[in-house]
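A.B. asks: Give the three-dimensional model of this entry:
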Amino acid sequence: MVSRILNNDPRLRAREDTRDRVKAVASQLGYMPNHAARALRLSHAETVSLVVPDATNPIFSEMFRGVEDEADIAGLQVLLGQSLDLRPDSNLLRRLVDQGRVDGFVLQVSARQEVHEAEQAIADRVPVVLIHARGQRRGSVILDDEGAAQLATEHLLALGHTDIAMVSGPVPAQTASRREKGYARAMSEAHVRRRPTWTVKAGYSPEAGRQAARHLLSKPRRPTAMVVANINAALGVLKGARESKVSVPDELSVVAIHDTWLATTTFPELTTVRMPLYQMGREGVRQLIARLSGQRPEDVVITDPPPVLVERESTAEAPRRR
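C.D. replies: Sure thing, here's the model as predicted:
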């Protein structure tokens, strides 16, 4: 098992703390992997690329750190790329693939692009591992999105809310679909009726969240709580609530999926569900290395650590219970 951990065997299912302890002991003993020999087995450019839709999005920072740490263990460099719409003739692909600058991609597809379209643009030319989405080929890493949304909804239910809306992502986004299922499951298990018109397929931007909040809060009967499928959209929900003269959390509680430094800069500070983005980045590189070395990659769901509720100021008891 030690050898497999030190050689970064992606088929080994070991806990993150076990991997870290083994690597710490190896470091104390002065063990150094033969990166040159490993690179000959795995790659030619000794470089992998993480491609995300928006490199400035704070959600990606922890994931990028995980990608860098795991790539460093394997002796590989990381190039960070940005692309909102990946197609076979994109400039990004020409630069990185045709010039032989990278050996493979860890790819986050834009929420508004079809996964299969983006996957096909690259997969026939260089190995690809998808993150946050499943493709037609094996080799992907996703989070427990259903569990995260269920946890967020259960928190609101425990506070006495029953009029709970869901501000979701755009239609093509697989993350949005999974988070809607988690919200629906929590409501069903609590025997609380869901209003179909209170699930809004908005988007993951602040403006999308703002528009969704204004729409929901303009109804004759409005929700007392919202599960927002993305923290960036939650910033817009807070703005939309202010514009609608609805107080958070006195009249509206808000929980967002993902936890970043942004959550503590809002007023009120956002209650969130923290997701293991760092571990996702590391696992994405492990699966890419498996593909580069001729092994069969896996479709992985990161469940360790699980989603964690971070309770702050944007949630409170339902108004009628006060």
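
A.B. asks: So which residue is smack in the middle of the chain?
C.D. replies: Central residue of the chain (CA atoms, centre = their mean): H132, 5.5 Å from the mean position.

A.B. asks: So that residue is in contact with A176, correct?
C.D. replies: No - counting by CB atoms under 8 Å, H132 stays clear of A176, with 10.5 Å between them. (Each C-beta comes from the backbone N, C-alpha and C, glycine too.)

A.B. asks: Give the closest residue to A186 in space, chain neighbours not counted.
C.D. replies: Take A186 and drop its neighbours on the chain: the residue closest to it by CB to CB, 6 or more residues apart in numbering is T153, 3.6 Å away.

A.B. asks: Would you double-check that that neighbour falls in a helix?
C.D. replies: Yes - assessed by DSSP: H, G, I helix; E, B strand; the rest coil, T153 belongs to a helix.

A.B. asks: Number of residues surrounding it?
C.D. replies: By the criterion of other CB atoms under 10 Å, T153 has 27 neighbours.

A.B. asks: wait, isn't it in contact with T162?
C.D. replies: No - with contact defined as CB under 8 Å, T153 does not reach T162; the gap is 11.0 Å.

A.B. asks: On the three-state scheme, the nearest residue to P268 once chain neighbours are set aside is what?
C.D. replies: In this structure, P268 finds its nearest non-sequential neighbour in E313, 3.5 Å apart by CB to CB, 6+ apart. Three-state assignment for E313 (three-state DSSP): coil.

A.B. asks: what's the distance between E313 and S253?
C.D. replies: 10 Å (CB to CB, to the nearest Å).

A.B. asks: what bits of the stretch 51-200 of the chain have low per-residue confidence?
C.D. replies: For the stretch 51-200 of the chain, the stretches flagged by pLDDT under 70 are 84-100, 112, 118-124.

A.B. asks: can you pull out the strands in it?
C.D. replies: 77-82, 104-108, 128-131, 140-143, 164-168, 199-201 (DSSP state E, counting those that start in this stretch).

A.B. asks: who does the third one pair up with?
C.D. replies: If I follow you right, that is strand 128-131. strand 104-108 (parallel), strand 140-143 (parallel) (DSSP bridges).

A.B. asks: ok, back up a step: could you save the strands of the stretch 51-200 of the chain as JSON lines and add columns showing mean neighbour count and distance to R296?
C.D. replies: Shown next, in JSON lines, are the strands of the stretch 51-200 of the chain (neighbours: other CB atoms under 10 Å; distance: least, CB to CB, whole Å):
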{"stretch": "strand 77-82", "mean neighbour count": "16", "distance to R296": "23"}
{"stretch": "strand 104-108", "mean neighbour count": "27", "distance to R296": "15"}
{"stretch": "strand 128-131", "mean neighbour count": "28", "distance to R296": "12"}
{"stretch": "strand 140-143", "mean neighbour count": "24", "distance to R296": "13"}
{"stretch": "strand 164-168", "mean neighbour count": "28", "distance to R296": "33"}
{"stretch": "strand 199-201", "mean neighbour count": "18", "distance to R296": "35"}
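
A.B. asks: Nearest to E114, out of the ones you listed?
C.D. replies: Distance to E114, taken as CB to CB, is lowest for strand 128-131 among the strands of the stretch 51-200 of the chain, at 12.3 Å.

A.B. asks: For the stretch 201-322 of the chain, just list every one of the strands.
C.D. replies: 225-228, 253-257, 271-274, 299-302, 308-310.

A.B. asks: Buried deepest among those strands, which one?
C.D. replies: strand 225-228 (a mean of 32; mean count of other CB atoms under 10 Å).

A.B. asks: got a list of contacts for that one?
C.D. replies: The contact list for strand 225-228 (CB atoms under 8 Å, 6 or more residues apart in numbering) reads 149, 152-153, 156, 159, 161, 163-167, 179, 183, 209, 213, 216, 234, 237, 252-257, 315, 318.

A.B. asks: Which neighbours do E313 and S253 have in common?
C.D. replies: T271.

A.B. asks: Ok, which of the strands of the stretch 51-200 of the chain comes nearest T266?
C.D. replies: Of all the strands of the stretch 51-200 of the chain, it is strand 164-168 that lies closest to T266, at 15.3 Å by CB to CB.

A.B. asks: what domains does the record give for this structure?
C.D. replies: Using automatic domain parsing, the domain parsing of the chain gives 2-141+276-299, 145-275+308-321.

A.B. asks: any idea which of these is most buried?
C.D. replies: Taking mean count of other CB under 10 Å, domain 145-275+308-321 is the most buried of these, at a mean of 20.

A.B. asks: Could you check the pLDDT of the residue nearest to G139 when sequence neighbours are not counted?
C.D. replies: Excluding the flanking residues, the one nearest G139 by CB to CB, 6+ apart is P297, at 3.5 Å. In this prediction, P297 carries a pLDDT score of 83.

A.B. asks: circling back: let's have the strands paired with strand 128-131 in a markdown table, adding distance to V228.
C.D. replies: Converted to a markdown table, those look like this (distance: least, CB to CB, whole Å):
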| stretch | distance to V228 |
| --- | --- |
| strand 104-108 | 20 |
| strand 140-143 | 16 |
